[in-house]
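Enquirer: Quick one: sequence and predicted model below, then my questions.
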Amino acid sequence: MASRAVAFLSLTLLQLCRAAQPTRKGTPGAFEIVGESGVSAQQLFLGAPNKVYIVDKVENNPISVSGHPAWATEYDIETNTYRAMDIVTNTFCAGGNILGDGSWINVGGNQPVKSGGVTYVTGDPDDPYQNEDGGQSVRLFSPCTDGSCEWTTNPVPMTTRRWYPTVEGLEDGSVMIIGGDKFGGFVNSEENNNPTFEYYPSRGDPIGLPLLERTLPANLYTLTWLMPSGLLFMQSNWGTQMFDKETNTEYPLKDVPNAVRTYPACGASVMLPLTTANNWTATILLCGGSDLQPDQWHPSDPLVTYAADASCVSMTPDVSTDWKMEETMPFGRTMGNFILLPNGKVFLVNGAGTGMAGYGNETWVIGQSYADKPLTQPLIYDPELPAGSRFVSKELSESTIPRMYHSAATLLPDGSVFVSGSNPNADYIGPDMGYKYPTEYRVERFYPDYFNEHRPEPTGMPSKLTYGGNYFNLSMTAKDVGGKPESIKVVLIRTGFSTHAINMGQRMVQLNNTYTVSKDGNATVHVSQAPPNPNILTPGTAWMYVLVDGVPSIATPVMVGSGKIEKQNVLPVQELPMSIIEKETATHAAEGSGNNNATSSSGNNNATSSSGSRIGVAVEVILGVSLFGLLFW
């Protein structure tokens, strides 16, 4: 797959050279309905500059493929049209992520179902959907730009059944597949629980994860991030831990305050941008969810009226294992999606004010939905604003579409946000069937405040980045620089696999840069390679944006690492030149020009994959003291 990934990147870079400005205009701060997705967007991801791939559960969608209803499409964001795609096994509540070779993995799911989402056994004559069991499925996909790519099923399945699994990328381009249950239900149970993890590519039998035994019943889609230290941060129900995958050792932390954030509470979650200013230090932000206790998850109770939580908490696990109380949202929210924007702000969209994820036939449901009071007002979270004023809704228009259970969103290369989905129903429910929340196919784009601004048009964008190594140069015109070379930033964003209020694998990493501005105002931007630590940004395709004064270029895809699933080569970091502005009479070093306010890569305390760092953080967890300042390369 590596050669195909290189060819894909070369082709898309040529195409992007012809579209340095957005091909459309939008109203900043507003949504626009642009098309229909063909299937409901339970899962989606940006796979190519002009393609979003959408995956639904097995149901009676009006479009068909291979003689049965379709539950996957390829959506063209330029033409706003879709192509039906065939997936054989039931993808209901699967997990996914990108692999180190640039392909995507989608794992797990539900048993085969017939009309109404009712499970059936092989040979049942009432099989309108012609689907197979997805519980152990491993589905693979290599994106394309020409409409020729299709999903395939790996002949080697997972070792065990997993419904609602988490998939987290690792430093060698493989993934860890975590938890889930075996046969479904509203929440997990001891009999149904799968308290294990495994790897793809497979490393053998599943390995026990006691956290998932301690955190029943709301332990599905465990929130998991690989930290720069190499440890994994895991949050499940009320429980939290750091996990050393090299020794399979758990380091329990304090319970998350205020609310459950995992499914079906579905709080919004994100790793905040890893920047040169914060030395690529990872902070996890969790907002919303539900404060239900373990003995309160009973569908016999009227959960649809239960108010969602409004609190936000954060932790910076490689520095301190204490939870920090952040400011509350203007209103409680469940099933909200946090989407990283290129300017470092975080967009919050979708969700509801009461209830939680799920559907059923109880007397108290709204149609079939376990949630009500849709939140159509988006928010922007700006981590650079003073505490107490970071959530902003001013000049942000509301959507006209309720986005309830099974909604998703992703950033696009032009910096707008793709939003689709909502289907809190067991099967397709049409708009004329009397349900408050029918199956939703409409696609929206949200346009951030920078959208109609002139975009920088850098040349020399690379198709591949190494971990450390020699810097590269970008060229920018005086018009692009606008007399503000000190505001130039280069960022990588992995947009993630979006499902159930999570974008698995989403993160943003700023690259070090300096600049040389000539007398005519044109600039050469000197940019470091990826940080010399694959834990900071795991191998695989990411999107590179160049920003001037907060306005992003159109992103180009770039392969980070070797393009293979393997141990990555880490190179010494070449020091960047000093920032210089040439004047008519002399040449001056720019003020504060050392490295775009960044520390030298070779001195970064987090940018190490060595066992010494892993042990250091583990000791910090045990002793409850920060050893951040003592960790060395």
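Expert: Sure thing, it's come through. Residues are numbered from 1 along each chain as shown.
Enquirer: Could you use CA atoms for every contact and neighbour count after this?
Expert: Noted.
Enquirer: For residue 539, give its distance to residue 284.
Expert: 21 Å (CA to CA, to the nearest Å).
Enquirer: Please identify which of the two sits among more neighbours.
Expert: When neighbours are counted by other CA atoms under 10 Å, residue 539 and residue 284 differ, and residue 539 comes out ahead with 32 against 19.
Enquirer: I figured that one was touching residue 100, is that so?
Expert: Yes. Using CA atoms under 8 Å, residue 539 is in contact with residue 100, at 4.5 Å.
Enquirer: between these two, what contacts are shared?
Expert: Residues touching both residue 539 and residue 100 (CA atoms under 8 Å, 6 or more residues apart in numbering) are 172, 173, 561, 562, 563, 564, 565.
Enquirer: Quick check: residue 212 is in a helix.
Expert: Yes. Membership of residue 212 in a helix is supported by DSSP: H, G, I helix; E, B strand; the rest coil.
Enquirer: Now it. Nearest residue, chain neighbours left out?
Expert: Excluding its sequence neighbours, the residue lying closest to residue 212 (CA to CA, 6 or more residues apart in numbering) is residue 195, at 4.9 Å.
Enquirer: contacting residues for that neighbour?
Expert: 179, 180, 208, 209, 210, 211, 212, 213.
Enquirer: Go ahead and build a PyMOL selection from the buried members of these.
Expert: Per 16 or more other CA atoms under 10 Å, the buried members of these correspond to this PyMOL selection:
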select buried, resi 179+180+208+209+211+212+213
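Enquirer: Return the member of the contacts of residue 195 nearest to residue 73.
Expert: Using CA to CA, residue 180 is the member of the contacts of residue 195 that sits closest to residue 73, with 25.3 Å.
Enquirer: does that closest one really touch residue 194, like I thought?
Expert: Yes. Residue 180 is within contact range of residue 194, at 5.6 Å (criterion: CA under 8 Å).
Enquirer: Report the beta-bridge partners for the closest residue to residue 492 other than its chain neighbours.
Expert: Closest residue in space to residue 492, ignoring its immediate chain neighbours: residue 544 at 4.6 Å, by CA to CA, 6+ apart. With DSSP bridges as the criterion, residue 544 is bridged to residue 492, residue 556.
Enquirer: can you count the residues close to residue 544?
Expert: When neighbours are counted by other CA under 10 Å, residue 544 comes out with 28.
Enquirer: any chance of the contacts of residue 195 in TSV, plus pLDDT?
Expert: Shown next, in TSV, are these (pLDDT from 0 to 100):
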residue	pLDDT
179	98
180	98
208	98
209	98
210	98
211	98
212	98
213	98
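Enquirer: So for residue 180 and residue 194, which residues contact both of them?
Expert: Common neighbours of residue 180 and residue 194 (CA under 8 Å, 6+ apart) are residue 162.
Enquirer: Secondary structure element for residue 371, which one?
Expert: strand 369-374 (DSSP states H and E).
Enquirer: what's that strand in contact with?
Expert: Contacts to strand 369-374, defined as CA under 8 Å, 6+ apart, come from residues 303-305, 350-360, 365-366, 402-405, 424-425, 437.
Enquirer: make it 7 Å
Expert: If you take CA atoms under 7 Å, 6 or more residues apart in numbering as the criterion, strand 369-374 is touched by 303-304, 351-360, 402-404, 424-425.
Enquirer: So what's the gap between that strand and the chain middle?
Expert: Average the C-alpha atoms of strand 369-374, do the same for its chain, and the two points are 24 Å apart (CA atoms, centre = their mean, to the nearest Å).
Enquirer: Same check on stretch 145-161?
Expert: That offset, for stretch 145-161, works out to 20 Å (CA atoms, centre = their mean).
Enquirer: buried residues in that stretch?
Expert: Under the neighbour-count rule (16+ other CA under 10 Å), stretch 145-161 has 145, 150, 151, 153, 157, 158, 160, 161 buried.
Enquirer: now swap in stretch 231-247 and tell me
Expert: 231-244.
Enquirer: could those go into JSON lines alongside secondary structure and pLDDT?
Expert: Output for the buried residues of stretch 231-247, formatted as JSON lines (DSSP: H, G, I helix; E, B strand; the rest coil; pLDDT from 0 to 100):
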{"residue": "231", "secondary structure": "coil", "pLDDT": "98"}
{"residue": "232", "secondary structure": "strand", "pLDDT": "98"}
{"residue": "233", "secondary structure": "strand", "pLDDT": "99"}
{"residue": "234", "secondary structure": "strand", "pLDDT": "99"}
{"residue": "235", "secondary structure": "strand", "pLDDT": "98"}
{"residue": "236", "secondary structure": "strand", "pLDDT": "98"}
{"residue": "237", "secondary structure": "coil", "pLDDT": "98"}
{"residue": "238", "secondary structure": "coil", "pLDDT": "98"}
{"residue": "239", "secondary structure": "strand", "pLDDT": "98"}
{"residue": "240", "secondary structure": "strand", "pLDDT": "98"}
{"residue": "241", "secondary structure": "strand", "pLDDT": "98"}
{"residue": "242", "secondary structure": "strand", "pLDDT": "98"}
{"residue": "243", "secondary structure": "strand", "pLDDT": "98"}
{"residue": "244", "secondary structure": "strand", "pLDDT": "98"}
